[in-house]
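Engineer: sequence unknown, structure follows:
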């Protein structure tokens, strides 16, 4: 090995283990090793590679910026190692230009190291503050909950459509909590007709449903429009009631999560500046802080286009 030459360590990150390849300035492999995603094993790898560099310039690059790579990233930053982030998509596109087997962990790690050697546009991974990490956790949870809610509403509407299409089209269940409350107690034409408009409105008001009279009237109109009992109605109605309760529970959890997001976001030193940007509210601002450490300029344009001049400033600090 030539004295004084820089080295590049590429890491193909995984869940239970990572694969690391170290190359020199000529692209020659000096180390190729699989390592468990365990603190002792990772520290041993870091020590081995820093010893290999022997005081010369050493640059690490990795294809994940969170998840299974979080421990390794924390250890590298703690050891004051220079660490670059290269997205998995970039690695995938670049790997087509390299010889060798289609896709292996060793090849991907070598591609990551070589891309870090050649490119000058890769973003360094920096230490994240606690609030940004917490916001990433909370915004990811909110995204999951919103997706679950959309899925539950789609299942609810599909189930209603099978046996009571008039009630399915009577309300926007994604926007009307009162309509969901209705479905927790009444899901069939006969059940609604037996209750009657006055009793149904009183039942809704007792459960603090808004526009109880209007909801009851629309539900009764739907009930009067169908006199036929469709096979499977009893079980389908029970599923609709369960789905309505599920959506309401998700609404509560989404609200609680958004309150936590706002609380943590407003504690961040840049919160008020971000909120002053055009188009930014608490949720979008929290997502920006959560992703700031690794978001690219191209992705910033897609996500935060109308505030791009301000976002670019933040990406540069």
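Structural biologist: Happy to help now that I have it. Small disclaimer: the values here were computed from a predicted structure and weren't measured.
Engineer: For my notes, confirm residue 25 occurs in a helix.
Structural biologist: No: counting by DSSP: H, G, I helix; E, B strand; the rest coil, residue 25 falls outside a helix, being coil.
Engineer: Would you map the helices across the stretch 201-317 of the chain?
Structural biologist: Using DSSP state H, counting those that start in this stretch, the helices assigned to the stretch 201-317 of the chain run over residues 212-224, 233-266, 271-275, 282-291, 297-304, 308-315.
Engineer: counting contacts, what elements does the longest one pack onto?
Structural biologist: Using 3 or more CB pairs under 8 Å, 6 or more residues apart in numbering; DSSP states H and E as the contact criterion, the secondary-structure elements in contact with helix 233-266 are helix 130-163, helix 177-185, helix 282-291. Where you see a C-beta, it was placed from the backbone N, CA and C, and this is true even at glycine.
Engineer: Can you tell me the element residue 98 falls in?
Structural biologist: Using DSSP states H and E, residue 98 sits in no helix or strand.
Engineer: Now do the same for it: its pLDDT.
Structural biologist: If you check residue 98, the pLDDT there is 84.
Engineer: burial measure for it, as a count.
Structural biologist: 12 (other CB atoms under 10 Å).
Engineer: try residue 213
Structural biologist: With other CB under 10 Å as criterion, residue 213 counts 14.
Engineer: Name the nearest residue to it, sequence neighbours excluded.
Structural biologist: In space, and not counting its chain neighbours, residue 213 is closest to residue 201: 4.9 Å by CB to CB, 6 or more residues apart in numbering.
Engineer: For residue 230, give me its contacts.
Structural biologist: Contact partners of residue 230, counting by CB atoms under 8 Å, 6 or more residues apart in numbering, are 162, 163, 164, 236.
Engineer: Compare those residues and tell me which is most surrounded.
Structural biologist: residue 164 (26 neighbours).
Engineer: contacting residues around that residue?
Structural biologist: Residue 164 touches 187, 188, 189, 222, 226, 230, 233, 237, counting by CB under 8 Å, 6+ apart.
Engineer: ok, back up a step: how about the helices of the stretch 201-317 of the chain in JSON lines, adding mean pLDDT?
Structural biologist: Below are the helices of the stretch 201-317 of the chain laid out as JSON lines (pLDDT from 0 to 100):
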{"stretch": "helix 212-224", "mean pLDDT": "97"}
{"stretch": "helix 233-266", "mean pLDDT": "97"}
{"stretch": "helix 271-275", "mean pLDDT": "89"}
{"stretch": "helix 282-291", "mean pLDDT": "88"}
{"stretch": "helix 297-304", "mean pLDDT": "49"}
{"stretch": "helix 308-315", "mean pLDDT": "48"}
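Engineer: Which among those helices is found nearest to residue 157?
Structural biologist: helix 233-266 (9.2 Å; CB to CB).
Engineer: pretty sure residue 10 is in contact with residue 27, am I right?
Structural biologist: No: with contact defined as CB atoms under 8 Å, residue 10 does not count as touching residue 27 (11.3 Å).
Engineer: If we ignore the residues flanking it in sequence, what's nearest residue 90?
Structural biologist: Sequence neighbours aside, residue 115 is the residue nearest to residue 90 in space, at 7.1 Å (criterion: CB to CB, 6+ apart).
Engineer: let me redo that: residue 25
Structural biologist: Nearest to residue 25 is residue 5, by CB to CB, 6+ apart, at 4.8 Å.
Engineer: for that neighbour, helix, strand, or coil?
Structural biologist: At residue 5, secondary structure determined by three-state DSSP is coil.
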